[in-house]
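Chemist: Quick one: sequence plus predicted model below, questions after.
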Amino acid sequence: NAGVTQTPKFQVLKTGQSMTLQCAQDMNHEYMSWYRQDPGMGLRLIHYSVGAGITDQGEVPNGYNVSRSTTEDFPLRLLSAAPSQTSVYFCASRQNTGELFFGEGSRLTVL
Amino acid sequence: DAKTTQPTSMDCAEGRAANLPCNHSTISGNEYVYWYRQIHSQGPQYIIHGLKNNETNEMASLIITEDRKSSTLILPHATLRDTAVYYCIVGPARRSWGKLQFGAGTQVVVTP
């Protein structure tokens, strides 16, 4: 099983550039979410979705957009990247019994 | 959403039991306690969760106090591969999806 797949694994951007981090899951989970993790810190929730067409903000949503057009995909968009968005990004999906399944992470550097 | 408090770090000898405490004094009646761990820079891995009763699986045991204000994760025979950051979080009931927020966790180092 592929589980939760994130692409790209590594990305370097210049300030002001835009990009999309992709996340796909093949477990038919309704709930998906994006976290960011800065060095030495825990995970902070950016956005989450409880099903196709439904999204909501987490702790640190500013500077990020999401959409959920299908159950499988939950892309995270950075419209104008800033150095403060340098981080490791994790996508997760959640099954009905509550457990989160995480992707391997996407490491983003904004210069 | 309830918050949790965990020690910043703890050491454990290989082969011994590791007992990881977590305080969640503001937990709501319908919130579960979840434990995850993160090895190096990998994505967090689910360990166990519970509501009121103690739980056990192949990885660990979860002991929840009767008042549900604290819990302990027990790794019965710690190995070097158990060195990781362990996160205790509380989250909504199964059919009430919402924010599942992580704190800083406990850095566990298992030594030979």
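Modeler: On my side now, so go ahead. Fair warning: this is a prediction, and the values are worked out from it, not measured in the lab.

Chemist: In terms of pLDDT, where does B:R95 sit?
Modeler: At B:R95, the model reports a pLDDT of 53.

Chemist: swap that for B:A104, sorry
Modeler: On pLDDT, B:A104 comes in at 84.

Chemist: so what's it closest to, chain neighbours aside?
Modeler: A:G42 (4.5 Å; Cβ to Cβ, 6 or more residues apart in numbering or on different chains). The C-beta positions use only the backbone N, C-alpha and C, and glycine is treated the same way.

Chemist: How about the contacts made by that neighbour?
Modeler: B:85, B:87, B:102-105 (Cβ atoms under 8 Å, 6 or more residues apart in numbering or on different chains).

Chemist: Provide the backbone phi and psi angles at A:G105.
Modeler: Dihedral pair for A:G105: phi 100, psi 150, per degrees, to the nearest 10.

Chemist: Kindly provide the distance from it to chain B.
Modeler: Per Cβ to the nearest Cβ, to the nearest Å, A:G105 is found 6 Å from chain B.

Chemist: Please look at that residue and A:S87 and confirm they touch.
Modeler: No. Using Cβ atoms under 8 Å, A:G105 makes no contact with A:S87, being 9.8 Å away.

Chemist: Overlap of the contact sets of these two?
Modeler: A:Q37.

Chemist: where's the spatially most distant residue from the centre of chain A, which helix or strand?
Modeler: Residue farthest from the centre of chain A, counting by Cα atoms, centre = their mean, is A:T97 at 21.3 Å. Taking DSSP states H and E as the definition, A:T97 sits outside all helices and strands.

Chemist: Tell me which strands the helix or strand B:R37 falls within pairs with, and in which orientation.
Modeler: Using DSSP H and E, B:R37 maps to strand B:32-38. Next to strand B:32-38 in the sheet, as set by DSSP bridges, lie strand B:45-50 (antiparallel), strand B:84-91 (antiparallel).

Chemist: buried stuff in the last one?
Modeler: Within strand B:84-91, the residues that count as buried by 16 or more other Cβ atoms under 10 Å in any protein chain shown are B:84-91.

Chemist: Return the mean pLDDT over it, rounded to an integer.
Modeler: Averaged across strand B:84-91, pLDDT comes to 93.

Chemist: what about it, distance to the chain center?
Modeler: 5 Å (Cα atoms, centre = their mean, to the nearest Å).

Chemist: what does that strand rub up against?
Modeler: Residues from elsewhere that reach strand B:84-91, judged by Cβ under 8 Å, 6+ apart: A:42-43, A:98, B:1-4, B:6, B:20, B:22, B:24, B:27, B:31-40, B:44, B:47, B:71, B:73, B:98, B:100-103, B:105-108.

Chemist: Next: the first one.
Modeler: The set of residues external to strand B:45-50 that reach it, using Cβ under 8 Å, 6+ apart, is A:98-102, B:32-39, B:55-57, B:59-62, B:64, B:71, B:73, B:86.

Chemist: I'd like to know which of those are buried.
Modeler: The neighbour-count test (16+ other Cβ under 10 Å) marks A:98-102, B:32-38, B:55, B:60-62, B:64, B:71, B:73, B:86 as buried among the contacts of strand B:45-50.

Chemist: Please give me every residue in contact with the one residue sitting closest to the centre of chain B.
Modeler: The residue lying closest to the centre of chain B (Cα atoms, centre = their mean) is B:W35, at 3.3 Å. Taking Cβ under 8 Å, 6+ apart, we find B:W35 in contact with B:20, B:22, B:46-49, B:60, B:62, B:73, B:86-89.
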